[in-house]
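Asker: can you look at this prediction? I've put the sequence above it.
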Amino acid sequence: MIASIAWKNIWRNRVRSGVIITAITIGMFAGVFTATFYKGWINQRLEAGVETEVSHIQIHQPDFSENFELKRFILESEKIAGELAQTDFVDGVSPRMVVQAMIASSETGTGVKILGVDPEKEKLVTNLYTKVPDGKYFEGVKRNPILIGKKLAGKLKVKLHSKLVITLQDSQGHLTSEAFRVCGIYNVGNGMFEEMNVFVLKTDLARFVHLNENTSHEIVVHLKDHGLLRENTETLSGKYKESLVQSWKQLTPELGIINEYGNIYIYFFIAIILLSLGFGIVNTMLMAVMERVKEIGMLMAIGMSKFRVFRMLMLETVLLTLTGGFFGILLGLAVTLATMRSGIDLSFYAEGLEDMGYSSLVFPVVEFEMVSVIVILVLLTGLIASIYPARKALKYKPAEAIRIDM
């Protein structure tokens, strides 16, 4: 009965209740849609960073990353790679040769990181082979094929089958150069990665720098279950103590931060919206209570306990909040579901976004856990916002409240 009375009391002033419900609806729609949009954006960046750029785990010599010395290769790398391939939680292993070099076209030159790979093994640890819209993945060029990024291709002003000259210091300390020909141009939506990383055949690079083709500077590992990343990394660290075993969170700290704090940012944003709406709810309910002081006094005078009056006023606020919250969340989810397949095109900002590694086409994502938390936050907002107006109504004694002339 109390709930029924509380619901009817909300609509005694339809305009005022309608305005606050509309405000809550708009606020929650903005919050939910922004949350799903940002979550989709985060997931896309993480997927690109992990599945395309670094994979799950990488193994190096401890000091290799400081200056990329050719002689800092992994001892018995082929044996380690073979053992890893047989490990039950690993589904892909790719030994790489890594060299810092200068690359030049007929127009200009720049510094890059050369990665010598086995194309078939590389397909097991990254999905880069699916990101080559121009040309083919190490096909179409017979001698010294090279795969470069879209950003680098633009910087060097080259296209498919253009000749590039790589200059580096070989393992014997001699400065040497060799020509390569572009077999493909990959596009991963990350300008920094595309500009700095080029891929060649490991056999070609080994011959170029005078190292055995079985030599590896890094071993890339792809796991069967990403959820066991920390445990699997610790297992490999304990097994290969002389090498540096790092997960993608350690290799790319910025992605780790996005993964760890992404949900916190979303909930913090929702909390700010609800805090702002909370003040509006308190103000609306306070006005409603002050208009009904005499009525509330009469209810208490005829025997209605203060607790029941308090509960009635709290229910009014909670129902008001939940009504707006329900329609806002429903609208936010509807718009999200409508844009999940086609995505949201931010091509106007594409260049700036891609320079930071973010895609300009965002696909929102709905997660049950996130929606559940938002519903709980809405309910808590209603409860907290109801306390002050309800307590304000109970400070009067029945006799005093009846005599108040509103």
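Answerer: Yep, it's here. Numbers count the residues shown, from 1 in each chain.

Asker: and the next helix or strand past the helix or strand harbouring G135?
Answerer: Here G135 sits within strand 134-135, counting by DSSP states H and E. Sequence order places strand 145-149 as the next helix or strand after strand 134-135, per DSSP H and E.

Asker: any buried residues in the longest helix along the chain, and which?
Answerer: The residue-count maximum for a helix in the chain (DSSP state H) belongs to helix 253-291. Residues 255-256, 258-259, 262-263, 266-267, 270, 273-274, 277-278, 281-282, 284-286, 288-289 are the ones in helix 253-291 that count as buried (16 or more other Cβ atoms under 10 Å). Heads up, the C-betas are built off the backbone N, CA and C, glycines and all.

Asker: quick revisit: the strand holding G135 pairs with which strands, parallel or anti?
Answerer: Sheet pairing for strand 134-135, assigned by DSSP bridges, gives strand 175-186 (antiparallel).

Asker: in this protein, where's the longest strand?
Answerer: Determined from DSSP state E, the single longest strand within the chain is strand 90-104.

Asker: which strands border that one, and is each parallel or antiparallel?
Answerer: Sheet partners assigned to strand 90-104 using DSSP bridges are listed as strand 109-117 (antiparallel), strand 163-169 (antiparallel), strand 218-223 (antiparallel).

Asker: the second one vs strand 145-149, what angle?
Answerer: Regarding strand 163-169 and strand 145-149, their directions subtend 90 degrees when assessed with axes from the mean of the first three to the mean of the last three Cα atoms, to 10 degrees.

Asker: just how off-centre is strand 163-169 within its chain?
Answerer: The gap between where strand 163-169 is centred and where its chain is centred comes out at 36 Å by Cα atoms, centre = their mean, to the nearest Å.

Asker: list of residues touching it?
Answerer: 70, 99-106, 114, 146, 148, 156, 158, 175-182, 208-209 (Cβ atoms under 8 Å, 6 or more residues apart in numbering).

Asker: one more: the longest one?
Answerer: Applying Cβ under 8 Å, 6+ apart, the set of residues contacting strand 109-117 from outside is 68, 94, 96-104, 152, 155-156, 166, 168, 195-206.

Asker: could you identify the helix or strand that succeeds it?
Answerer: Going down the chain from strand 109-117, the next helix or strand is helix 119-122, by DSSP H and E.

Asker: swap in the last one?
Answerer: Following strand 218-223 in sequence order, the next helix or strand is helix 229-239 (DSSP H and E).

Asker: what about that following helix, average pLDDT?
Answerer: Averaging pLDDT along helix 229-239 gives 92.

Asker: other SSEs contacting that helix?
Answerer: Helices and strands touching helix 229-239, by 3 or more Cβ pairs under 8 Å, 6 or more residues apart in numbering; DSSP states H and E, are strand 57-60, strand 218-223, strand 244-247.

Asker: ok, and for that helix, which residues are buried?
Answerer: For helix 229-239, burial by neighbour count (16+ other Cβ under 10 Å) applies to 229, 232-233, 236-237.

Asker: redo those as JSON lines? Include distance to T336.
Answerer: Shown next, in JSON lines, are the buried residues of helix 229-239 (distance: Cβ to Cβ, whole Å):
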{"residue": "L229", "distance to T336": "28"}
{"residue": "N232", "distance to T336": "33"}
{"residue": "T233", "distance to T336": "34"}
{"residue": "L236", "distance to T336": "39"}
{"residue": "S237", "distance to T336": "40"}
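
Asker: for those, work out which two are farthest apart.
Answerer: Across those, no pair lies farther apart than L229 and S237, at 12.3 Å, counting by Cβ to Cβ.

Asker: break the chain down into its domains, please.
Answerer: 2-49+256-403, 62-242 (automatic domain parsing).

Asker: which other residues reach the strand holding G135?
Answerer: 147, 150, 159-160, 182-185, 187.

Asker: most neighbours, which of those residues?
Answerer: Counting neighbours by other Cβ atoms under 10 Å, L147 leads these with 27 neighbours.

Asker: surely that one touches Y186?
Answerer: Yes - at 6.0 Å, L147 counts as touching Y186 under the criterion of Cβ atoms under 8 Å.

Asker: and for the two, which residues touch both?
Answerer: Common contact partners of L147 and Y186 (Cβ under 8 Å, 6+ apart): 128, 132.

Asker: tell me the confidence at E53?
Answerer: The model's pLDDT for E53 equals 87.

Asker: next, count neighbours for it.
Answerer: Other residues lying near E53 total 19 when counted by other Cβ under 10 Å.

Asker: what's the closest non-adjacent residue to it?
Answerer: F193 (5.5 Å; Cβ to Cβ, 6 or more residues apart in numbering).

Asker: from G149, how far off is that neighbour?
Answerer: Relative to G149, F193 is positioned 7 Å away (criterion: Cβ to Cβ, to the nearest Å).

Asker: out of the two, which sits in the more crowded spot?
Answerer: Taking other Cβ under 10 Å, F193 and G149 do not tie; G149 has more neighbours (25 against 22).

Asker: and that one, bridged to which residues?
Answerer: G149 forms beta bridges with Y186, as assigned by DSSP bridges.

Asker: list the contacts for it?
Answerer: By Cβ under 8 Å, 6+ apart, the contact set of G149 is 185-188, 193-195, 197-198.

Asker: if we use 10 Å, what do you get?
Answerer: 112, 128, 131, 155, 185-188, 190-199 (Cβ atoms under 10 Å, 6 or more residues apart in numbering).

Asker: likewise S94?
Answerer: Residues counted as contacts of S94 (Cβ under 10 Å, 6+ apart) are 55, 58, 81, 84-85, 115, 117-126, 202, 216, 218-222.

Asker: just give me the neighbour total for A23.
Answerer: The local packing of A23 (other Cβ under 10 Å) involves 17 other residues.

Asker: hmm, I281 and it touching each other?
Answerer: Yes - judged on Cβ atoms under 10 Å, A23 makes contact with I281 at a distance of 8.8 Å.

Asker: give me the common contacts of these two.
Answerer: Here A23 and I281 have G324 as joint contacts, going by Cβ under 10 Å, 6+ apart.

Asker: now stretch 104-119, how far from the centre of its chain.
Answerer: 30 Å.

Asker: cool, stretch 316-330 as well?
Answerer: Relative to its parent chain, stretch 316-330 has a centroid offset of 29 Å by Cα atoms, centre = their mean.
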